[in-house]
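>>> Coordinates only, no sequence provided:
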């Protein structure tokens, strides 16, 4: 790590202890991008500058073309052909090679990456982040590989996006080709500089899901997803929800609006487009207030169409199946439904207006059977009610969100209004395509009905309750220490979710990289010893009689040289463990970050090196030890001399 002071090294280490949620939907707790520890490589990385579209023309087009039944367009794709084998460059770092590529498009509010090839060999790590490292997406691993070739990264704020890939020694070459860059020109659901609006800029009368109005809906809220759709070169925000089926087999079906799969002109998203759709779970404030910091992202990529029907045939529904199982720690709730056609006297809509955090709108007047196009009886007409914390309405981006009756059953999904409700038009109604009409009234083909998918055995069920998959294991663990001197031992504890009791694991399979032992089948392994310097992964597979779940924390355990005594009178000993440290640099900095001493581990020192820093002025020093496993820095306190 040339030209890096010990202060910066320590900051990098501290940052790496924070958890960033993965964009891929895989349950991995990664560190920060590796390139942040190599500032020279990051600074010198290739920068690809793209020609930005005219945002004013795009906004003008939206104003002229965007109707109440259209999704909320927020970005357009810029075509590229960036192959990791050709663009950017691979640089040697300890343990392997690092590929970095920076992409810039002036005036963008945010950028995202779409891939037509995304295949990572085992051991490779990909991170995507903005230039200020305020938003980190990843780590993507071989478990993120899509079944096909298409993939998407999600959005980072600002006009520059960076992608890096770490390839370990002896790992195969990854196959990464970026074919489009998403250019965000308005509400991106991300923090905006010098903006007083919330992340997506929804209207001020909206009510957060965790206000008192949402307390009765704490299970149902886990079904709601924010959807970043893609259709050709257009990306838009919509809402949707998980929906249960009569087999209760927890197939990851998402119900949204048919018009969310269309763009101006009525052109539908292709299978390749659907493979790049992003679904965000649990995007909400912790309480009733709008948060100052954006909530973490829980997401998964890709879907396949099952059925749909547009306004021309009736009820405007679109049923898709996610390409990946939903991680258990997202706590997905699979909504129930009511296809009886009975009008509810009260209920709610839970949605993501303009891609914002999750909101709730409430109605307390009986629904009215109506239509949105020319076919009678296709839609429920609803008018929203004032509540304690506002008067929830719907907005662009709310399209496809579910309408619930007072008992939490889906009655329909949002088409829109003419012009629809807003904070300035509180009494204007919205229209939801009826669930019972979507059941089998849009046409005779399976591709135009909900029935074949949500009642595959033709049970004739009219009302189905929603539920969690209470048998699904949600793996988790902790360690009593994660940074230890070499030669020390760690105790691990299983923290897998145990509510309800059916989730409780009955067997465990641990893997400890670089440790003794390397595996364990105990619930809470103790005395796991680390005798070699470096950072190491820990993996737990927790299982019960039906399911298993894997959690892998990358670089979770940090093993540093043992430096003792500390404090000292100026003589300290460095223990390198089993590793042959001959020739490794040792650097000493004072508390101002100035290098005061530099040496190398002598060949005759064995695994213990004696370091004398008593001759330097000051009482605080930082000792950096360099090895092929990385750099470790320790703070040393020198006792006053008498």
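The structure has been received and is ready for your questions. In this text the structure is predicted, and so the values were computed from the model without any measurement.
>>> how about low-confidence regions in the stretch 201-350 of the chain?
Scanning the stretch 201-350 of the chain for pLDDT under 70 picks out 265.
>>> go with 90
For the stretch 201-350 of the chain, the stretches with pLDDT under 90 are 201-203, 263-267, 290-298, 311-314, 324-325, 327-329.
>>> where exactly do the strands run in it?
207-208, 224-231, 234-243, 253-256, 262-263, 267-268, 278-281, 298-301, 303-309, 317-322, 333-334, 336-338, 347-351 (DSSP state E, counting those that start in this stretch).
>>> Is it possible to get a markdown table of those that adds distance to residue 601?
For glycine as for every other residue, the C-beta is placed from the backbone atoms N, C-alpha and C. What follows is the strands of the stretch 201-350 of the chain, written out as a markdown table (distance: least, C-beta to C-beta, whole Å):
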| stretch | distance to residue 601 |
| --- | --- |
| strand 207-208 | 57 |
| strand 224-231 | 51 |
| strand 234-243 | 53 |
| strand 253-256 | 57 |
| strand 262-263 | 62 |
| strand 267-268 | 64 |
| strand 278-281 | 48 |
| strand 298-301 | 45 |
| strand 303-309 | 54 |
| strand 317-322 | 52 |
| strand 333-334 | 56 |
| strand 336-338 | 65 |
| strand 347-351 | 60 |
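>>> So for residue 179, which of those sits nearest?
Ranking these by proximity to residue 179 (C-beta to C-beta) places strand 224-231 first, at 11.8 Å.
>>> helices or strands up against the helix or strand harbouring residue 42?
Using DSSP states H and E, residue 42 sits in helix 39-44. Helices and strands touching helix 39-44, by 3 or more C-beta pairs under 8 Å, 6 or more residues apart in numbering; DSSP states H and E, are strand 96-105.
>>> name the helices or strands packed onto the strand it packs on?
helix 39-44, strand 46-50, strand 72-83, strand 89-93, strand 110-119, strand 160-168, strand 175-184.
>>> That strand to strand 175-184, inter-axis angle?
Using axes from the mean of the first three to the mean of the last three C-alpha atoms, to 10 degrees, the inter-axis angle of strand 96-105 relative to strand 175-184 is 30 degrees.
>>> what does the domain assignment say about the chain?
Here the domain parsing of the chain from automatic domain parsing is 6-184, 207-452+460-468, 477-559, 562-637.
>>> what's the most buried one of these?
Highest mean neighbour count among the domains of the chain (mean count of other C-beta atoms under 10 Å): domain 207-452+460-468, with a mean of 21.
>>> Just the endpoints, please. Distance across that domain?
Across domain 207-452+460-468, the terminal residues are separated by 25 Å (C-alpha to C-alpha, to the nearest Å).
>>> one step back: for residue 201, find the nearest of the domains of the chain.
Ranked by C-beta to C-beta, the member of the domains of the chain that lies closest to residue 201 is domain 207-452+460-468, at 5.6 Å.
>>> For residue 286, list the residues it contacts.
210, 295 (C-beta atoms under 8 Å, 6 or more residues apart in numbering).
>>> what's the nearest residue to residue 140 if we skip its chain neighbours?
Among residues not flanking residue 140 along the chain, residue 126 sits closest, at 4.1 Å (C-beta to C-beta, 6 or more residues apart in numbering).
>>> For that neighbour, name its beta-bridge partners.
Here residue 126 shows beta-bridge partners residue 140, residue 165, assigned using DSSP bridges.
>>> Make sure it is actually in contact with residue 136.
No. Look at residue 126 against residue 136 with C-beta atoms under 8 Å: they stay out of range, at 11.1 Å.
>>> Overlap of the contact sets of these two?
Counting by C-beta under 8 Å, 6+ apart, residue 126 and residue 136 have no contacts in common.
>>> hmm, back to that, just put the domains of the chain in JSON lines and tack on distance to residue 201.
JSON lines is the format used below for the domains of the chain (distance: least, C-beta to C-beta, whole Å):
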{"stretch": "domain 6-184", "distance to residue 201": "10"}
{"stretch": "domain 207-452+460-468", "distance to residue 201": "6"}
{"stretch": "domain 477-559", "distance to residue 201": "34"}
{"stretch": "domain 562-637", "distance to residue 201": "42"}
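>>> Worst mean pLDDT among those domains?
Ranked by mean pLDDT, the domains of the chain end with domain 6-184 at the bottom, a mean of 83.
>>> Helices of the chain, start to end?
6-16, 39-44, 55-65, 271-274, 435-440, 451-454 (DSSP state H).
>>> Out of the ones you listed, which is closest to residue 475?
Among these, if distance is taken as C-beta to C-beta, the winner is helix 6-16, at 21.8 Å.
>>> and the closest residue to residue 326 other than its chain neighbours, what does it touch?
Distance criterion C-beta to C-beta, 6+ apart; nearest residue to residue 326, sequence neighbours excluded, is residue 332 at 4.5 Å. Neighbouring residues of residue 332 by C-beta under 8 Å, 6+ apart: 222, 223, 242, 250, 252, 281, 326, 468, 469.
>>> what's near enough to touch residue 165?
84, 98, 99, 120, 124, 125, 126, 174, 176.
>>> As TSV, the residues you listed with distance to residue 498 would be great.
Formatted as TSV, the contacts of residue 165 follow (distance: C-beta to C-beta, whole Å):
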residue	distance to residue 498
84	42
98	40
99	41
120	33
124	34
125	31
126	33
174	38
176	39
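>>> which one of these is nearest residue 517?
Nearest to residue 517 among the contacts of residue 165, with distances taken as C-beta to C-beta, is residue 125, at 25.4 Å.
>>> From residue 552, how far off is the closest one?
11 Å (C-beta to C-beta, to the nearest Å).
>>> same thing with residue 458?
From residue 458 to residue 552 the distance is 42 Å (C-beta to C-beta).
>>> Can you give me the end-to-end span of stretch 297-313?
36 Å.
>>> How about stretch 466-484?
By C-alpha to C-alpha, the extent of stretch 466-484 from end to end equals 46 Å.
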